[in-house]
Every structure is written in structure tokens, then in C-alpha cells.
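Enquirer: Structure for the following, please:
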Amino acid sequence: MKTTPTALRRLFLLSVLVLAAACGDDAAPDASTGEDASAGADRISIDTGTPPGPDGGPADQGPRPDGALDAGADASIPDQDGGTPVVASFTPGQDVVVSGSAVRVRVGGTEGHTFAEVKALLGQPTRQSSAANTRSYEWDLTVGGTLTVWFNNTGLDANPANAVGEADTALWLAVSGAFPGADAAGISIGSTRAAVEAAYGPPVRESTITNPAGTLLSYVRRGVLVAIDGTTGLARSITVTRAYNVEPDARIDLTGRRLRFGAGDIDLVTWTNINGNFIPTSGDSGGDVTQILGPPDAQGTVNVGGQNLWMYAYSFLGFELTFRRNNGGDGTTGGVLFSSIHAPFYGTTDAPPNDHGIGTPRATFEAYLTSRNFGTGAVSPSSPDILCYRHSGNDTNAVGVTYTDPEAEVGALILGLPPTGCP
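Expert: The predicted structure follows:
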């Protein structure tokens, strides 16, 4: 397979997602303010349907919490004595209950509720969120407060970015305002940070959010994010997502062409130059990837330049993996061609002081690349927004970088940039 420059540019645009600049490089939007995952226009925008949400943290594999619903189970949740249904509650990594009806994100191998199913449970949404290209809808609840749901572009279709299909599934569920529900640990809107940390432990990651000011406490593997208001010090919104297998903290191995998670490495293909044609070999399959990461938030065929490739989008974690197709099937057996990395991914290249990644100033990042034998950046024939840095000892290994404007910081990386992406 030979990847053309035009194909590469389109693939890159398909795989890079705009995240909320107002919330910082690693933060999800805040449901209490209406900030959305597509806010912030200084990054290349293409919808993979899986942006982080209003205060949500992800959830994905492992045992389901007690009381988790089986697929197709009745969404009316009785209390433990079989009496009056719970009016409102939430379970990290699982669902939000409204007037006895549970709206679910992905739990293990069970997909989240679809747009059609959520409307059947809650009725028509009150509004679509106002941010450009948003995929979230809001319900003003009779029990109090607001529920915001962001829907995946589950099949990675080419419809407009804000066009949510009936079969698109819930990625995150955010409650805010006067929502009266709590989880089993008693955490609710209005909880103190001390109470949140007593229930969930210290956050693995926290970040500053704005408009209004606050702090986002991220519990990605638990499946919940909590926004603490900067004035009151109390929880102002809570987001439930799938509980992911990993934090978005992999070591970015530029020379070895791999993402090094604590649970295992994701290896990209290697390229061989045969008479001017670059042939990809090896690389992890989709099965290898899901053993480490669990299923993607969204996946599907990407038809670029007449070539059918396959993409796994883990955009809530801040990266996508694009596979070459091999003998049909779902297209992942041919190995990971490259990975696009962006906020909220916070993994870095090395240990301090060489810990560089998204948000690193351009001058600092280029000095690091030079120290690792990557050449001077050259404008990619694929796009003027992409600079290619080719390894001096291996002309088939290259890194693609886009920089933010005017900050001149790393906005996105392409690990394993195909050789044809360089001049």
C-alpha cells in the first residue's frame, strides 16, 4: 500500500479533533457553563464524534458496578427494598438516573444508549448545545437541573460535524444546576472537594477551567469528572463517562514508533523502501490494541484517495489510531499505520527534563527532536499546517507536528507519519 500526500492530509484531518481551548490542554468542557468539546477554534477541526465532555471522566472495561444494567434491561431502577424508584442519581462509569430512567454510557462490552433510546427515555431534548459543531443535547429536568449528553459519531460517517444520528451512542452524561441526585458515596452537585477526594481519592489529573473559573478533577479510570467552582469551592457539574482501561499518559516513543502505556505498548507499522515505494509491515492489530485499551469510542472505514482504511477513535483520551486494511474484514489486521495525538492526552516523550508533548513550546520541542536525531521541520506536501521531521538515521521514520497560533505550542502530533508525508 502506498499512501499519497492527498490521502495523508485527509486522514490527518479526519483524525484530529478540536477540544475546548478554554478548559486547557487536558480538560473537558464544563457543563455548568455550556462550554462544549468542540469549542476553541485554534486547532484543526474534524469530527470523530468522541470529544471529552462537560466534566466527565471515561469508563470502559473491568467488572461492572453492582446494579449495572444488562443490555435490554428495564431502565426503571427500584430501590433496594423494591419500593419507590430512585428519582435521580448517577453511577460513575455507568449511568445517570432521571425520574427512575437510567441513561447509560458504554459499560464493558455494552454500548451506551443511542440518541433514539435517550429520547425514548427522556423525551425530546430542550435544546442542542450552542457551541459550533457540537454533538451534545441538553434536557432541562423536571427533577431539577440539566442533563447534557454528548453523542459519538459512532460509525465515523462523513455527515456534518453536528449531525447526530439516531443510532449514535452516548459518550458522556453531564449533570449541573439543581440536579438533586447523588452517587452511592453521596457525591452530588454542591459537594466539597474534600468530600470528592474522600470518596474517589486524589485526582489522577486536575486542570484549570475558565468561564467561570474552576478546577476539573479527572478520574478517567473510574468514569467521572468533577468541576469544582473557583468561587464557592463546591462541585458545580459532574460528568459520567465510560471507565477507560488507561489514563491518557502513554510515553510517546518517537524513535521506536510506539505508545507506551503502563498496560502495554501500541506498536505502529514499520516502513520498507522498495524501489521508491514505501511498504508497511508488522504493527499491532485491532485485537492487540483492544487488549490494552478496550474498545474504541468510535470506529469505522475511512475512504481516502480510493483507499479504505480503518480508524479507532479514542478521542476522549486524545488520540486516534489508523489501520491499513488487510484482506477485508474490519480492516485492523494490517497493523496501525499512524497515530494522531492531541489534547487531552498528557503523555510525554521522556522523563524530566525531556518530558515534552502537547502544549510544549515549539522551540523547546524542536530542540528535543534535534537531540533525538530528527531533522529540521519541513512543510508537508500533505498540508501547510503540518511540519515533517524526518529521522536522520531512518528516512522511513518521521514525526508530524502542528503548532498552535499564536502560542506556537505543540497542538497535535502524528506519530509514525508515513514517509510520503515528508518532502
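Enquirer: ranges for the helices of this structure?
Expert: Applying DSSP state H to the chain gives helices spanning 5-15, 115-122, 193-200, 286-293, 362-371.
Enquirer: Out of the ones you listed, which is closest to Ile341?
Expert: helix 5-15 (9.5 Å; Cβ to Cβ). For glycine as for every other residue, the C-beta is placed from the backbone atoms N, C-alpha and C.
Enquirer: Quick one: mean pLDDT for the closest one?
Expert: Mean per-residue pLDDT for helix 5-15: 47.
Enquirer: So, low pLDDT: which residues of the protein?
Expert: Counting by pLDDT under 70, the chain shows low-confidence ranges at 1-86, 304-306, 326-331.
Enquirer: Strands along the stretch 51-200 of the chain, start to end?
Expert: 56-57, 88-91, 95-98, 101-104, 127-128, 136-140, 146-151, 170-176 (DSSP state E, counting those that start in this stretch).
Enquirer: which of those strands sits most buried?
Expert: Most buried of the strands of the stretch 51-200 of the chain by mean neighbour count (mean count of other Cβ atoms under 10 Å) is strand 56-57; its value is a mean of 34.
Enquirer: could I get the helices of the chain as a markdown table with mean neighbour count?
Expert: Below are those laid out as a markdown table (neighbours: other Cβ atoms under 10 Å):
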| stretch | mean neighbour count |
| --- | --- |
| helix 5-15 | 22 |
| helix 115-122 | 18 |
| helix 193-200 | 16 |
| helix 286-293 | 18 |
| helix 362-371 | 16 |
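Enquirer: how close does Gly400 get to Gly230?
Expert: Counting by Cβ to Cβ, to the nearest Å, the gap from Gly400 to Gly230 is 36 Å.
Enquirer: Next: Leu173.
Expert: 24 Å.
Enquirer: What are the phi and psi values at Leu417?
Expert: When read as degrees, to the nearest 10, the backbone of Leu417 gives phi -50, psi 120.
Enquirer: let me redo that: Thr255
Expert: phi -70, psi -40.
Enquirer: hang on, the earlier thing: would you list the strands of the stretch 51-200 of the chain in JSON lines and tack on distance to Asn373?
Expert: Putting those into JSON lines (distance: least, Cβ to Cβ, whole Å) gives the following:
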{"stretch": "strand 56-57", "distance to Asn373": "38"}
{"stretch": "strand 88-91", "distance to Asn373": "49"}
{"stretch": "strand 95-98", "distance to Asn373": "49"}
{"stretch": "strand 101-104", "distance to Asn373": "48"}
{"stretch": "strand 127-128", "distance to Asn373": "49"}
{"stretch": "strand 136-140", "distance to Asn373": "44"}
{"stretch": "strand 146-151", "distance to Asn373": "41"}
{"stretch": "strand 170-176", "distance to Asn373": "39"}
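Enquirer: more crowded one of Gly400 and Gly230?
Expert: Counted by other Cβ atoms under 10 Å, Gly400 and Gly230 do not tie: Gly400 has more neighbours, with 26 against 14.
Enquirer: who does the residue nearest to the more buried one when sequence neighbours are not counted bridge with?
Expert: Excluding its sequence neighbours, the residue lying closest to Gly400 (Cβ to Cβ, 6 or more residues apart in numbering) is Ile414, at 3.3 Å. Beta-bridge partners recorded for Ile414 (DSSP bridges): Ser340, Gly400.
Enquirer: cool, and Leu217?
Expert: Glu206, Val226.
Enquirer: Wait, Glu138 touches Ser130, no?
Expert: No. Applying Cβ atoms under 8 Å as the test, Glu138 and Ser130 come out as separate, 9.4 Å apart.
Enquirer: Just to check, Ala263 is in contact with Ile292?
Expert: Yes. Judged on Cβ under 8 Å, Ala263 makes contact with Ile292 at a distance of 4.9 Å.
Enquirer: Which residues are in contact with each of those two?
Expert: Common neighbours of Ala263 and Ile292, counting by Cβ atoms under 8 Å, 6 or more residues apart in numbering, are 245-246.
Enquirer: could you measure the closest residue to Arg251 other than its chain neighbours against Asn162, distance?
Expert: Take Arg251 and drop its neighbours on the chain: the residue closest to it by Cβ to Cβ, 6+ apart is Arg260, 3.9 Å away. Plainly put, Arg260 is 35 Å away from Asn162 if you go by Cβ to Cβ.
Enquirer: ditto for Ala116
Expert: 17 Å.
Enquirer: do Phe115 as well
Expert: 12 Å.
Enquirer: Put the alpha carbons of stretch 293-301 into PDB.
Expert: In PDB, the C-alpha atoms belonging to stretch 293-301 read as follows (Å, rounded to 0.1, in the frame of the first residue of the first chain):
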ATOM      1  CA  LEU A 293      -7.200  -0.100  25.700                       C
ATOM      2  CA  GLY A 294     -10.600  -1.800  25.400                       C
ATOM      3  CA  PRO A 295     -12.900  -1.000  22.500                       C
ATOM      4  CA  PRO A 296     -12.700   2.500  20.900                       C
ATOM      5  CA  ASP A 297     -15.200   5.200  21.400                       C
ATOM      6  CA  ALA A 298     -15.900   5.100  17.700                       C
ATOM      7  CA  GLN A 299     -14.600   3.200  14.700                       C
ATOM      8  CA  GLY A 300     -15.200   2.900  11.000                       C
ATOM      9  CA  THR A 301     -13.900   2.900   7.500                       C
END
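Enquirer: Which positions in it come out as buried?
Expert: For stretch 293-301, the neighbour count (16 or more other Cβ atoms under 10 Å) marks 293-300 as buried.
Enquirer: repeat for stretch 254-265
Expert: 254, 257-261, 264.
Enquirer: Of these, which is the nearest to Glu409?
Expert: Leu254 (17.4 Å).
Enquirer: I'd guessed the closest one sits against Val401; true?
Expert: No. Counting by Cβ under 8 Å, Leu254 sits too far from Val401 to count as a contact (10.5 Å).
Enquirer: residues in contact with the residue lying closest to Ile187 once chain neighbours are set aside?
Expert: Spatial nearest neighbour of Ile187, excluding adjacent residues (Cβ to Cβ, 6+ apart): Ala199 at 5.2 Å. For Ala199, the contacting residues are 183, 185-187, by Cβ under 8 Å, 6+ apart.
Enquirer: can you tell me which residues contact Asn373?
Expert: With Cβ under 8 Å, 6+ apart, Asn373 has these contacts: 255, 391-393.
Enquirer: Many thanks, we can stop here.
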